[in-house]
Structure formats: structure tokens, C-alpha cells
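Participant: what would the 3D arrangement of this be:
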Amino acid sequence: MIPYLGPGVLTLATDGIPIPASPEELVVQLTKAATVPHKIRNNLTAAAQYIENFKHRKTIAAAMNKAFEQTPEPSVLHKWLAERPQLPLVVNAWYDDLPQKALAVRKNWGSVQGVSQAEHFGYWVNYFRADSSLVPNKEFVRDGSGAKAPAEAPPETLSWETLLYQPIGSVTPASNYVISDSDYVEVLTEIDIQTPIPEVVQSIRKGRSFLFLGCRFTTQLERNFARQIMKRSSDQHWAVIEGPLTKNEAKFLAEQKIERIETPIAEFVASLIGQPVPASTADAAA
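Facilitator: Here you go, the predicted model:
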């Protein structure tokens, strides 16, 4: 089973360091960096696009770095996952670096992160070793139409025992962010044919189920990314989601054969790892 972590898992961190744990919280941080029109103030990707257009891409990167510059220690879930003897793939669909911190206990691992075409034109992802050094991408190759397309994964990445896939980037190690409307348009234009999704991810997911933790599927972006990352995997998945579902969420879960586990994530994780729920976490979940 492949863990697919969303921003909601950050609620499990208990050391008191504030960090955006939802798109709604993150857009508040971004709009502190620049004034945006009222009608898009609560729309993360639109606000990021406005700031990029009128304040430059560097302003977005600086605001994102500030929002995630101090991250808490990995939660018990991150640590438990990192200690599993067999962990071929972890998906982290948020910008934090808690998975990297937790995976430091392992030796043979690396990460692959989505990157913005505005900053890395022609490449969909960058690969990083466990020591945070960049694995050089191969040169462009030509696809069937003659257009430029990224080459296959660098050979050394295929030998990693654990791959951390961060489809929308991460603060660590190189401040890669897929965040603005234009960033997502570039990815979504190609994602149906799987071009932005690394071949190694496509290979590992075959026949495997996904376990969604800390994820909601209220927006089209969240549903599209999950759908495409799950493509050609198993026909049974699970998602821990507490509280009422929207109509679109319910429809998505049914279409994708995702069985809902309706329980607070803190309680689920406590049962999963066989430990009591920390008091602060239990109070927050309540």
C-alpha cells in the first residue's frame, strides 16, 4: 500500500510550530506578501498567479519559503512510515519537508519533486539525493511529434529503495513550488497522458493500493492529481476522512473505488501504529 499524505497530516505534529496545514491557511500567508483583489483573496492558485504577475515569481518563492521556513518535527506517522522495512514509494502532496526529515533514518532513498515551468522550462521534475544534492537531469529528448520532452529518470534514482514523490514541490531542498494558476495549467495540460508523472512512480504503483491520509478532494485540482497519480494501480483504495463529504468528494470516492474510513486521523494513526493518541493531538482532534 502506498501512503498518500495531504496537508491534513500536519495536524499530527505536536511541537507547537505553526505551519500552513491547508490551502486556506497558506493563502493567508501569501496575501501578507502582497495585496490581491478581494475576489481572489481566498483562492490559493489565483492569488499566487496575481502576485507572480504583478510582483514577480521571486515574491511568490519568498512568501512560500517564509510560510514553511520553520517546520515542526515529523509526526509519529511520518516516523512510523520511515521505519517500515519495505517502503518503495511515499506521496506527499503538500509543500512541507516533514517526510524528508523522517526519512533521514534511512540510507538508500531520494526524492522527486514537481517543478514550475516558469523556473525549469522543459522539465516536469527534479530528483534529489538523501543528502539534498541535485541529481542532474538528462538532456531533452524528442517525443513522437518532434517536440521536446524530458528524458527518463537518471539511472542512479532507479536503485533507491524508497522514493519520496512530491508532485507539487517542497520547501526542501530547493524551494520548488507548483503553486500558481499557470503552473497548474502547464501540468494539467499533459497529466492525462501522464507526462508530468515520473516513470518510476508509474512503475511502482502498478497493482498497489493507495492510503490517503490528511487529504480532502473538494477541489478539481485535488481530485485531478489524485486520479492521475492513482491511474493503472489497484482497483481498491482507502481514505481517512472525518466529517461530511461534499457531493463531488462522494462522487470521486465512488468513481475511484476509494473506501472511506470515517474517523479522526489522530485516532486512526494511533490504531495503526499501536500507540495512544498524544493528549495535545487528541484535544485538537476533538
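Participant: ok, which stretches of the protein are helices?
Facilitator: 23-30, 44-55, 57-68, 76-82, 98-103, 181-191, 199-204, 220-230, 247-255, 265-273, 279-285 (DSSP state H).
Participant: give me whichever of these is most buried.
Facilitator: Ranked by mean neighbour count under mean count of other Cβ atoms under 10 Å, these are led by helix 98-103, which reaches a mean of 23. In this view, the C-beta of every residue, glycine as well, is placed from N, C-alpha and C.
Participant: what packs against that helix?
Facilitator: Here helix 98-103 touches helix 76-82, strand 89-92, strand 162-166, going by 3 or more Cβ pairs under 8 Å, 6 or more residues apart in numbering; DSSP states H and E.
Participant: picking that back up, how about the helices of the chain, which one is nearest residue 155?
Facilitator: The closest of these to residue 155 is helix 199-204. By Cβ to Cβ, the value is 10.9 Å.
Participant: got a list of contacts for that closest one?
Facilitator: For helix 199-204, contacts defined as Cβ atoms under 8 Å, 6 or more residues apart in numbering pick out 2, 88-89, 112, 152-153, 157-158, 163, 165, 194, 229, 232.
Participant: repeat that for 10 Å
Facilitator: Residues from elsewhere that reach helix 199-204, judged by Cβ atoms under 10 Å, 6 or more residues apart in numbering: 2, 88-89, 91, 112, 125, 127, 150, 152-153, 157-158, 160, 163, 165, 167, 194, 198, 229, 231-233.
Participant: any of these buried? List them.
Facilitator: Neighbour counting with 16 or more other Cβ atoms under 10 Å marks 2, 88-89, 91, 112, 125, 127, 150, 153, 157, 160, 163, 165, 167, 198, 229, 233 as buried within the contacts of helix 199-204.
Participant: who touches residue 22 in this structure?
Facilitator: Here residue 22 is in contact with 6-8, 10-11, 28, 44, 94, 214, 216 (criterion: Cβ under 10 Å, 6+ apart).
Participant: tell me the domain ranges of this protein?
Facilitator: 2-19+70-285, 20-69 (automatic domain parsing).
Participant: roughly how far is the last one from the heart of the chain?
Facilitator: On the basis of Cα atoms, centre = their mean, to the nearest Å, the separation between the geometric centre of domain 20-69 and that of its chain is 18 Å.
Participant: with the first one instead?
Facilitator: On the basis of Cα atoms, centre = their mean, the separation between the geometric centre of domain 2-19+70-285 and that of its chain is 4 Å.
Participant: what average pLDDT does it get?
Facilitator: For domain 2-19+70-285, mean pLDDT is 90.
Participant: hey, what's residue 112 bridged with?
Facilitator: residue 127, residue 165 (DSSP bridges).
Participant: list the residues that contact it.
Facilitator: The contact partners of residue 112, by Cβ under 10 Å, 6+ apart, come to 89, 124-128, 135, 153, 157, 160, 163-167, 197-198, 200-201.
Participant: measure it to residue 160 for me?
Facilitator: 9 Å (Cβ to Cβ, to the nearest Å).
Participant: now the common contact residues for those two.
Facilitator: With Cβ under 10 Å, 6+ apart as the test, residue 112 and residue 160 both reach 127, 135, 153, 200.
Participant: so what's the second one closest to, chain neighbours aside?
Facilitator: Think residue 135. Setting aside the residues directly before and after it, residue 135 is nearest to residue 127 in space (Cβ to Cβ, 6 or more residues apart in numbering), at 4.0 Å.
Participant: not counting sequence-adjacent ones, nearest residue to residue 232?
Facilitator: residue 206 (6.4 Å).
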